[in-house]
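>>> Fold the following.
(one chain, ligands or ions: 2)
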Amino acid sequence: MTSKPGEPRPQTASHIVELPEAVKNQIAAGEVVERPASVVKELVENALDAGAHEIRIDLEEGGVKLVRVIDDGCGMGPEDLLMAFCPHATSKLREVADLDHIASLGFRGEALASIGSVSRASIVSRTTDEAMGHRIENRGGEIGPVLEAGGARGTTIEIRDLFYNTPARRRFLKRTQTELARVLDVVQRLALAQLEAGFVVTHDGKRVYDVERTMDLAGRVRRTFGADLADSLVAVSGVDGTVRVEGLLAPPRFARRDTSRQMWFLNGRPLRDKVLVRVLKQAFHGFQVEARHPVAFLSLSMDPALVDVNVHPTKSEVRFREDRRLFSFLVAVLRRALSEADLATPGEDLLRTAWRRSEREAPQGYLPNPGALEPLRGGTVDPGSFRAREGTAAASERDLLVPAAGPRAPGVGETSGTFDVAGALGAAGEWGAQDAFEGPYLQIANTYLLRRLPDGFEIIDQHALHERLTFEGLKRQVEEGQVEVQRRLIPDLVELSRAEVKAVEAQLEALSASGIELSVFSPTTIAVQGLPALLRRPDPEAIVRDAVAALERTGKAPRPFELVEEVLHSAACRSSVMAGDPLTQDEIRALLSRASVLESDQTCPHGRPTRVRFRLADLEKAFHRR
Ligand code: ADP
Ligand code: MG
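Ligands and ions are numbered 1, 2, ... in the order given. Model prediction:
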């Protein structure tokens with residue numbers, strides 16, 4: 001009934017008419033059904049209200065094309081099916097007084113009617129005592145008859161083509177991935193709230209989320225948000241009269257900019273509530289930076305008469321009847337849990353910051369060389385002072401590592417009070433000499449070395465570093481064709497097969513070029529005459545067996561360098577300072593100073609890092625100073 005402005009309205013009996021049922025429902029749908037996620041929320045809540053233990057949610061195109069929820073709940077008989085799509089039809093509420101103590105998730109009797117009016121919907125359901133199931137359809141508000149159908153006990157609801165008949169609504173939908181993310185958020189919250197039920201979500205045929213029915217809250221948090229968070233959670237539990245709180249708190253370092261990981265559940269219903277946001281803020285007061293929001297998963301159970309859930313159509317806001325008392329009870333419980341928890345930030349977090357930083361600063365996998373430090377200028381810390389000094393150390397490195405020539409670096413196990421670091425480093429200068437090698441060093445578990453740096457500190461794996469040192473030394477000697485060999489006083493005998501002895505025999509020369517001096521002792525025995533002097537505590541048998549394996553793999557005369565890579569690699573590892581060797585300050589100093597002139601001392605020959613460095617910036621982050 002349109003009329004242009006200023007024109008008299010056409011004469012009819014009444015201007016005000018009652019809207020057709022379908023239009024009413026579409027308008028009501030505006031409150032409840034905004035997007036696929038709201039459909040999923042209503043349907044899953046219905047399944048939970050029906051006592052379901054296993055709930056499966058199949059989605060297509062983020063739920064816009066299809067939302068299918070399958071449950072093993074109580075099901076609906078044909079009479080209930082007939083009513084299911086009718087507005088304000090519910091089995092959960094009978095009279096006004098019931099509104100005061102709502103224990104179910106739904107109660108308004110609106111959802112199915114609303115959803116059905118803006119989609120092509122169908123329900124197939126069977127109760128326990130029925131032999132047959134039944135089916136009903138709703139095409140955009142046109143409800144069909146109840147028909148017999150097959151089906152297991154429980155209910156399957158399909159919602160296809162959401163908003164197909166309300167294009168204006170449909171335009172507000174976002175990209176598939178966005179809608180899917182919102183659906184998952186809804187399901188995850190329900191899965192964390194309802195610990196009695198298992199959930200499976202598929203999207204376009206692929207499983208995208210699941211929690212087993214038997215999983216507890218911590219297990220579900222782990223599945224949903226990862227082990228890092230789950231392993232750090234602090235348990236909370238408290239009772240005040242009929243009110244009970246139970247759940248998990250994350251230490252302050254997990255706090256976020258938003259409240260999206262504050263999950264409160266009231267009698268199994270996920271809820272957002274400003275009062276509860278304040279509870280957490282108050283509880284963490286003094287434990288963390290104010291601007292951040294802590295992470296928590298907390299379940300409240302209380303007599304439904306103590307809350308009003310009928311405040312908002314989506315029922316995610318509530319009104320507590322005794323909110324002051326509740327507030328102080330909750331704050332006290334949470335603060336107690338926090339003060340008993342171990343809140344120290346694990347070094348792992350620090351590591352992550354450090355790695356993130358080094359990835360950002362060194363996009364092509366460049367690792368700054370920590371050994372040779374630039375001099376400190378003008379008493380201030382130059383943030384760039386850890387950049388590698390290319391080339392300058394190469395000459396002295398040779399001297400240091402070939403024991404036969406030049407000023408020899410002290411080996412591990414020797415004492416070096418007089419080693420001239422500054423000299424060995426050439427241009428590196430005073431500061432590097434002082435800080436890099438003077439210590440004091442802390443040895444932890446006879447394995448890790450800790451040393452101060454001008455803008456932070458460093459932890460070194462002594463075994464990995466020594467392994468690199470030995471390996472680099474061997475490599476250089478092999479390249480220069482003069483491997484220093486330690487001859488065995490009594491040759492070690494290694495038993496091999498005839499074929500293996502033959503193979504070794506054919507390559508005696510190549511092996512000797514790598515410092516592995518062998519001879520044939522019998523058709524099945526190899527004698528080890530000498531091994532590279534750089535290997536401390538070598539294991540002759542292991543070296544021979546590795547060499548045999550390398551020969552078998554290459555099948556031809558290996559180049560000496562290949563032997564170093566294949567055989568001496570492992571030998572360097574076995575012979576190096578093992579994790580567990582106690583080292584003196586001087587030995588540590590010697591190890592570090594020798595390593596500092598290597599081209600590469602950031603990883604052991606197998607690629608494990610030799611050191612982890614923390615800058616002041618990392619520490620500042622860890623301590624929330626920035
Ligand atoms: P409400 O949940 O507020 O009662 P709904 O429109 O969501 O309203 O559902 C209407 C009624 O349909 C419910 O009260 C319930 O009796 C029935 N129903 C809906 N879904 C299911 C289901 N999955 N299993 C059993 N009954 C259901
Ligand atoms: Mg409902």
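
>>> Helix, strand, or coil at Leu298?
Using DSSP: H, G, I helix; E, B strand; the rest coil, the structure places Leu298 in strand.

>>> Contact partners for it?
236, 245-249, 263-265, 276 (C-beta atoms under 8 Å, 6 or more residues apart in numbering). All C-beta atoms are positioned from the backbone trio N, CA, C, and that covers glycine.

>>> again, only using 7 Å
236, 245, 247, 264 (C-beta atoms under 7 Å, 6 or more residues apart in numbering).

>>> per-residue pLDDT, the residue in the stretch 51-200 of the chain that ligand 2 sits nearest to?
Ligand 2 sits closest to Gly106 of the stretch 51-200 of the chain, with a gap of 2.7 Å, by C-beta to the ion. pLDDT for Gly106: 74.

>>> Spatially nearest residue to Gly116 (excluding sequence neighbours)?
Excluding the flanking residues, the one nearest Gly116 by C-beta to C-beta, 6 or more residues apart in numbering is Asn138, at 3.5 Å.

>>> doesn't Ala84 make contact with the one you found?
No: using C-beta atoms under 7 Å, Asn138 makes no contact with Ala84, being 8.8 Å away.

>>> Give me the distance between the longest strand along the chain and the centre of its chain.
Secondary structure of the chain per DSSP state E: the longest strand is strand 485-495. Put simply, strand 485-495 sits 51 Å off its chain's centre (C-alpha atoms, centre = their mean, to the nearest Å).

>>> tell me what that strand is packed against?
The helices and strands touching strand 485-495, judged by 3 or more C-beta pairs under 7 Å, 6 or more residues apart in numbering; DSSP states H and E, are strand 525-532, helix 540-554.

>>> and the stretch 151-300 of the chain, which residues reach ligand 1?
For the stretch 151-300 of the chain, the contact set with ligand 1 under C-beta under 6 Å from any ligand atom comprises Thr155.

>>> Show the residue spans covered by the strands in the stretch 151-300 of the chain.
Remark: strands assigned in the stretch 151-300 of the chain by DSSP state E, counting those that start in this stretch are 154-160, 198-203, 206-211, 234-240, 243-249, 262-266, 269-271, 296-301.

>>> Not counting its own residues, what contacts the second one?
What it means is strand 198-203. Residues from elsewhere that reach strand 198-203, judged by C-beta under 7 Å, 6+ apart: 53-59, 180, 184, 187, 191, 207-213.

>>> Let me know how buried the nearest residue to Leu343 once chain neighbours are set aside is, in neighbour terms.
What sits nearest to Leu343 in space, not counting adjacent residues and going by C-beta to C-beta, 6+ apart, is Pro251, at 5.0 Å. Pro251 sits with 22 neighbouring residues when counted by other C-beta atoms under 10 Å.

>>> what residues are up against Pro251?
232, 234, 341, 343.

>>> closest to ligand 1 among those?
Lowest distance from ligand 1 to the contacts of Pro251 (C-beta to the nearest ligand atom) belongs to Val234, with 35.4 Å.

>>> Show me what the helix or strand where Arg574 lies is in contact with.
For Arg574, the host element (DSSP states H and E) is helix 569-575. Residues outside helix 569-575 that contact it (C-beta under 7 Å, 6+ apart) are 467, 470-471, 474, 535-539, 542-543, 546, 605.

>>> Just the C-alphas of the longest strand of the chain, formatted as PDB.
Output of strand 485-495 as PDB, limited to C-alpha atoms (Å, rounded to 0.1, in the frame of the first residue of the first chain):
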ATOM      1  CA  VAL A 485      97.600 -37.600  12.200                       C
ATOM      2  CA  GLN A 486      97.900 -39.200  15.600                       C
ATOM      3  CA  ARG A 487      99.400 -42.600  15.100                       C
ATOM      4  CA  ARG A 488      98.100 -45.400  17.300                       C
ATOM      5  CA  LEU A 489     100.800 -47.100  19.500                       C
ATOM      6  CA  ILE A 490      98.900 -50.300  19.200                       C
ATOM      7  CA  PRO A 491      96.700 -50.500  16.000                       C
ATOM      8  CA  ASP A 492      93.100 -51.100  16.700                       C
ATOM      9  CA  LEU A 493      91.700 -54.100  14.900                       C
ATOM     10  CA  VAL A 494      88.200 -53.900  13.400                       C
ATOM     11  CA  GLU A 495      86.400 -57.100  12.100                       C
END
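
>>> Many thanks, have a good one.
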